[in-house]
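Enquirer: sequence and predicted structure below; questions after.
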Amino acid sequence: MESLSPAIISVVPARLPSYRPNSNRNRKRFVRVHAENTRPPPSAGAAAIDYSDPQWKSMFQKEFESRFSIPHLTDIFEDAATLPSTFCLRMRSPTEDFADGYPSDEKWHGYINNNDRVLLKVIKFSSPASAGAECIDPDCSWVEQWVHRAGPREKIYFKPEEVKAAIVTCGGLCPGLNDVIRQIVITLEIYGVKKIAGIPFGYRGFADKDLREIPLPRNVVQNAHLSGGSLLGVSRGGPSVSDIVDSMEERGINMLFVLGGNGTHAGANAIHNECRKRRLTVAVVGVPKTIDNDILLMDKTFGFDTAVEEAQRAINSAYIEAHSAYRGIGIVKLMGRSSGFIAMHASLASGQVDICLIPEVSFNLRGPHGVLDHLKYILGKKGSAVVCVAEGAGQDFLQETKAKDASGNIVLGDIGVYLQQEIKRYFNEMGTPADVKYIDPTYMIRAVRANASDGILCAVLGQNAVHGAFAGYSGITVGISNTHYVYLPIPEVISYPRVVDPNSRMWHRCLTSTGQPDFL
Ligand SMILES: Nc1ncnc2c1ncn2[C@@H]1O[C@H](COP(=O)(O)OP(=O)(O)OP(=O)(O)O)[C@@H](O)[C@H]1O
Ligand SMILES: O=P(O)(O)OC[C@H]1O[C@](O)(CO)[C@@H](O)[C@@H]1O
Ligand SMILES: [Mg+2]
């Protein structure tokens, strides 16, 4: 039986090697310099294509188009029947005339054509030396990369009365989960779906006989967005893919909306594949949930803005504590297992941080260029200092725990506690103690409700998830790319975590704000 273990299910798609301008080996090859924040791991590589071939551009585009094509029910059911969409944008009040649902007979519906596309990369770099350059060939030629536009289609592949939709939220909490659940339910109801169930506590809820699915009529979700967390509950780990699909078959679920991060999406993709293997008419659609903002190809994921905003309170408290103390140092730890987006953005936004430490940028603690010497300098100059550290930063300093959570994620050591101890020790050793206060607001930040801008993002993503399912797509996820909403094949967005590029303009903006040097 296939296990839902991270080690077993590979979703890494074929990738092209990065272009290194000075490498002869690469000069003859079809290459690609990866996006700011989206560098692949060194192991990711695939067949190279000779770009001296005059056809290289069209070949690249063809390959890109096939990588970003989104799976559809007609891939396995060629003659799948369609019906006119029951989703209508011009709505009437549901009076007695429309007691059974909204009418769909207006002339203008605002539907999306299946051939509509969104441009994934919008900057034309003129040189590989340009900041953040994403070049495909050494001349940095402009190559259009189009992805599928999200939204309601004129024809749908599911009869609303035959749909049983389920929603599941997995992984850690994130502001906005309830907003997305709510919007999925509301949109399903507009299509005319009556059977909507919440799966309790993540994938676990599919197999645990003690957990009952939660009926989700509109009145249950109406005010859900007013509080943080997930009304369905979340969990890590869980049953095998085949057990999940068995359970879906037993329950008659033919639309599954999966809210979660990289791991959850790997699971969603495996569920989609298993459904195909069993030739089930099922749509599996993901909505990326990660407070860490570590999903590829998207402007951002929901909850991230809220987290950055909420982090301001902790940073400000650290600043006040530090500033009010004699030789005070405030340390704030923020989430970010492998990427430091929250710490970077929160530091930049606050303007109160003197040192920002993220997993992507190595640092020395001791020595002439170390963090501790710089803290001594700041204390001498300003009298107090604030350090903002992402949880995944500086793990080299900590003893590896070897422990893993139920999903197989490594349990990290507490860099915040370590920094506090080391900073205290350093200043004590010098005979000039510092007053060090450590704030860990991570779970407080994660539990808040979404702010207004995340609320809107959640609403649009939730709606588009439902549109995607009714349009017959499966094994897809929804995202915002260059301010437009798109459908992407799951493997493309989770092939590796999105990380901060230390050479990016954003990281340098952050450094400009903190004034910190390189700590190496
Ligand atoms: N490679 C994988 N294949 C199938 N299922 C997976 C895989 N990795 C994780 N999962 C399952 O997905 C669920 C969530 O995974 P995980 O705990 O890693 O959270 P996540 O979705 O990455 O979110 P977060 O951003 O909070 O870490 C778990 O039930 C886990 O068993
Ligand atoms: O303690 P938990 O619930 O496993 O979640 C912690 C993890 O969640 C994340 O925010 C991802 O959602 C990571 O940055 C962090 O390591
Ligand atoms: Mg994860």
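Expert: Nice, thanks for sending it over. Ligands and ions are numbered 1, 2, ... in the order given.
Enquirer: buried residues, stretch 132-151. List them.
Expert: Buried residues in stretch 132-151, counted by 16 or more other CB atoms under 10 Å: 133-138, 140, 143, 145-151. For glycine as for every other residue, the C-beta is placed from the backbone atoms N, C-alpha and C.
Enquirer: right, and the pair among those residues with maximum separation?
Expert: By the measure CB to CB, Pro138 and Gly151 form the most distant pair in the buried residues of stretch 132-151, at 37.5 Å.
Enquirer: about what we covered before: which single one of the buried residues of stretch 132-151 is nearest to ligand 2?
Expert: Ala150 (23.7 Å; CB to the nearest ligand atom).
Enquirer: who are the contact partners of the closest one?
Expert: Ile112, Asn464, His467, Gly468, Val478, Tyr485, Val486, Tyr487 (CB atoms under 8 Å, 6 or more residues apart in numbering).
Enquirer: now do the SS call for the fourth one.
Expert: Under the three-state scheme (DSSP: H, G, I helix; E, B strand; the rest coil), Gly468 adopts helix.
Enquirer: do you know how far it is from Pro489?
Expert: 12 Å (CB to CB, to the nearest Å).
Enquirer: more neighbours: the two, which one.
Expert: Gly468 (27 against 21; other CB atoms under 10 Å).
Enquirer: okay, now the residue in the stretch 301-450 of the chain that ligand 1 sits nearest to: neighbour count?
Expert: Closest approach between the stretch 301-450 of the chain and ligand 1, counting by CB to the nearest ligand atom: Ser407, at 3.1 Å. Neighbour count of Ser407, defined by other CB under 10 Å: 24.
Enquirer: please identify the helix or strand for it.
Expert: Per DSSP states H and E: Ser407 is located in neither a helix nor a strand.
Enquirer: buried sites along the top helix by length along the chain?
Expert: Looking across the chain with DSSP state H, the single longest helix is helix 304-324. Neighbour-count burial for helix 304-324 flags 304-311, 313-315, 317-322 (criterion: 16+ other CB under 10 Å).
Enquirer: same check, this time on stretch 272-291
Expert: Taking 16+ other CB under 10 Å as the criterion, stretch 272-291 shows 272-276, 280-291 as buried.
Enquirer: restrict the residues you listed to contacts with ligand 2.
Expert: Thr290, Ile291 (CB under 6 Å from any ligand atom).
Enquirer: tell me which element Leu211 is part of?
Expert: Going by DSSP H and E, Leu211 is not in any helix or strand.
Enquirer: which bits of the chain sit near ligand 3?
Expert: Applying CB under 5 Å from the ion, we find that the chain lies next to ligand 3 at Gly261, Asn262, Gly263.
Enquirer: what separates stretch 402-410 from the chain centre, distance-wise?
Expert: When distances are taken as CA atoms, centre = their mean, to the nearest Å, stretch 402-410 is centred 20 Å away from the chain's centroid.
Enquirer: buried sites along that stretch?
Expert: Counting neighbours by 16+ other CB under 10 Å, stretch 402-410 gives Ser407, Asn409 as buried.
Enquirer: give me the mean pLDDT for that stretch.
Expert: Stretch 402-410 carries an average pLDDT of 92.
Enquirer: mind checking the end-to-end distance for that stretch?
Expert: End-to-end span of stretch 402-410 (CA to CA, to the nearest Å): 7 Å.
Enquirer: quick one: that stretch near ligand 2?
Expert: Yes: counting by CB under 6 Å from any ligand atom, ligand 2 has neighbours in stretch 402-410: Asp405.
Enquirer: what about the strands in the stretch 301-450 of the chain?
Expert: With DSSP state E, counting those that start in this stretch, the ranges of strands along the stretch 301-450 of the chain come out as 328-334, 355-357, 384-390, 435-439.
Enquirer: how about CSV for those, with mean pLDDT, mean neighbour count and distance to Ser247 added?
Expert: Formatted as CSV, the strands of the stretch 301-450 of the chain follow (pLDDT from 0 to 100; neighbours: other CB atoms under 10 Å; distance: least, CB to CB, whole Å):
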stretch, mean pLDDT, mean neighbour count, distance to Ser247
strand 328-334, 98, 27, 36
strand 355-357, 98, 26, 43
strand 384-390, 98, 28, 37
strand 435-439, 98, 20, 42
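Enquirer: where in this structure is pLDDT low?
Expert: Applying pLDDT under 70 to the chain picks out residues 1-47, 49, 89-109.
Enquirer: residues touching the residue most central in space within the chain, list them.
Expert: The chain has Ile295 as the residue nearest its centroid, 3.6 Å off, counting by CA atoms, centre = their mean. For Ile295, the contact set (CB under 8 Å, 6+ apart) comprises Gly261, Asn262, His265, Pro288, Thr301, Gly479, Val493, Ile494, Pro497, Arg498.
Enquirer: so the fifth one sits against Val287, correct?
Expert: No: when contacts are counted by CB atoms under 8 Å, Thr301 is not listed as touching Val287 (9.1 Å).
Enquirer: please report phi then psi for the nearest residue to Glu65 once chain neighbours are set aside.
Expert: Using CB to CB, 6 or more residues apart in numbering and skipping the chain neighbours, the partner closest in space to Glu65 is Trp146 (7.3 Å). Main-chain dihedrals, Trp146, degrees, to the nearest 10: phi -110, psi 140.
Enquirer: again, but for the one 5 residues further on
Expert: When quoted as degrees, to the nearest 10, the phi and psi of Gly151 stand at phi 140, psi 180.
Enquirer: need the three-state assignment for the residue nearest to it when sequence neighbours are not counted.
Expert: Nearest residue to Gly151 in three dimensions, chain neighbours excluded: Ile112, at 3.5 Å (CB to CB, 6+ apart). When classified by three-state DSSP, Ile112 comes out as coil.
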